[in-house]
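Enquirer: Here is a sequence together with a model predicted from it:
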Amino acid sequence: MKILSTPLLVAAIFSGSMTFAQSKVPVKTGEKIHSTINTVNNITQTMMGQEMKIVSNVTMTVQTEVKEINPDIHLSSVVTKLLLKNEAMGQSMDFDSDKKEDMDGQIGQSVKGFIGTANDIFISTDGKPVEKKKDDGAASAEAVLGGDINDIAPELLLAIPASLKAGDSWTEEHNKDADNKRKIVYTIQSINGNEAVIAFTGEESTKKPKSIQGMTATISGTNNYKGTLTVDTTSGVIKEKKTNIEGKGETAIMSQTIPFSISAVVSTSARQ
């Protein structure tokens with residue numbers, strides 16, 4: 001979601017002077033991850049020569065458990081709390097899933113099958129996303145939040161090489177199809193015991209259909225990423241992560257093309 005649209009876990013293709021074994025997510029069955037994911041989006045759209053600015057701030061509290069590794073990693077993630085604040089055209093909208101009156105409202109009705117419900121997410125042991133059919137709760141929440149429930153996974157787990165030292169770099173690429181490609185370069189800044197601090201940069205291109213108020217739109221664009229993360233090297237669990245995103249694109253709907261730019265910051269903290 002662009003609340004969640006951050007680099008996906010992918011298979012690693014390593015570069016540099018050192019040759020690594022293929023990277024893997026070293027997490028174990030039964031591992032539990034308690035995380036908070038915050039995304040602040042600043043979006044500028046241009047319609048009929050007029051600029052419209054939209055600011056959204058979304059915070060999710062997520063409980064995740066590794067249910068099975070056979071052979072893919074099966075994650076069961078439950079969003080236990082959702083906070084949402086949108087500002088556009090001089091108006092603001094707030095939502096708090098802990099408030100009954102908010103859950104009884106329009107947004108609450110759209111996400112009620114998502115809040116407090118386990119959502120299954122699958123990745124391969126070398127970090128590739130594995131597509132599975134989503135349930136109705138996840139699909140309705142994605143329509144409201146504007147992204148993919150599977151984007152939770154890369155905020156929680158990282159595929160890493162078996163051998164690590166400061167200064168090592170590797171590149172991960174995921175090319176879903178000709179219109180949806182992503183490349184990320186990781187560089188280890190430091191290692192202290194079982195924790196590694198890693199800087200990353202990345203770029204992606206996307207083109208996806210999306211339903212907007214019952215109409216089908218096509219959203220295409222490019223994003224550039226940079227950030228740092230701290231990972232537990234024994235499990236692949238990301239303890240802290242901050243991603244800065246700069247992007248631009250266009251929305252094509254009803255014979256109109258609406259250009260937009262986006263500047264976003266995604267911050268994640270987790271404990272095991």
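Expert: Cool, the structure landed.
Enquirer: separation between Met60 and Leu158?
Expert: Look at Met60 and Leu158: by CB to CB, to the nearest Å, they are 19 Å apart. Glycine gets a C-beta too; all of them are placed from N, C-alpha and C.
Enquirer: Pick out whichever of the two has more residues nearby.
Expert: Using other CB atoms under 10 Å, the more surrounded residue of Met60 and Leu158 is Leu158, with 29 against 25.
Enquirer: And the more buried one, how close does it get to Val266?
Expert: In this view, Leu158 and Val266 are 15 Å apart by CB to CB.
Enquirer: Quick check: Asn150 is in a helix.
Expert: Yes. Secondary structure assignment places Asn150 in a helix (DSSP: H, G, I helix; E, B strand; the rest coil).
Enquirer: got any ranges where the protein has weak pLDDT?
Expert: Residues of the chain meeting the criterion pLDDT under 70: 1-22, 132-149.
Enquirer: where do the strands sit along it?
Expert: 12-13, 32-47, 50-69, 73-88, 91-96, 118-123, 129-130, 169-177, 180-192, 195-212, 215-232, 238-253, 256-271 (DSSP state E).
Enquirer: For those, give me CSV that also has distance to Gly108.
Expert: Below are these laid out as CSV (distance: least, CB to CB, whole Å):
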stretch, distance to Gly108
strand 12-13, 40
strand 32-47, 20
strand 50-69, 15
strand 73-88, 9
strand 91-96, 7
strand 118-123, 18
strand 129-130, 29
strand 169-177, 32
strand 180-192, 31
strand 195-212, 19
strand 215-232, 23
strand 238-253, 26
strand 256-271, 24
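Enquirer: of these, which approaches Val111 most closely?
Expert: Of all these, it is strand 73-88 that lies closest to Val111, at 6.5 Å by CB to CB.
Enquirer: which other helices and strands contact the closest one?
Expert: Packing contacts for strand 73-88, counted by 3 or more CB pairs under 8 Å, 6 or more residues apart in numbering; DSSP states H and E, involve strand 50-69, strand 91-96, strand 118-123.
Enquirer: For the nearest residue to Ser97 once chain neighbours are set aside, give the beta-bridge partners.
Expert: Nearest residue to Ser97, sequence neighbours excluded (CB to CB, 6 or more residues apart in numbering): Leu82, at 4.3 Å. Note on Leu82: beta-bridge partners by DSSP bridges are Met60.
Enquirer: Leu82: how many residues sit nearby?
Expert: Other residues near Leu82 number 26, with proximity taken as other CB under 10 Å.
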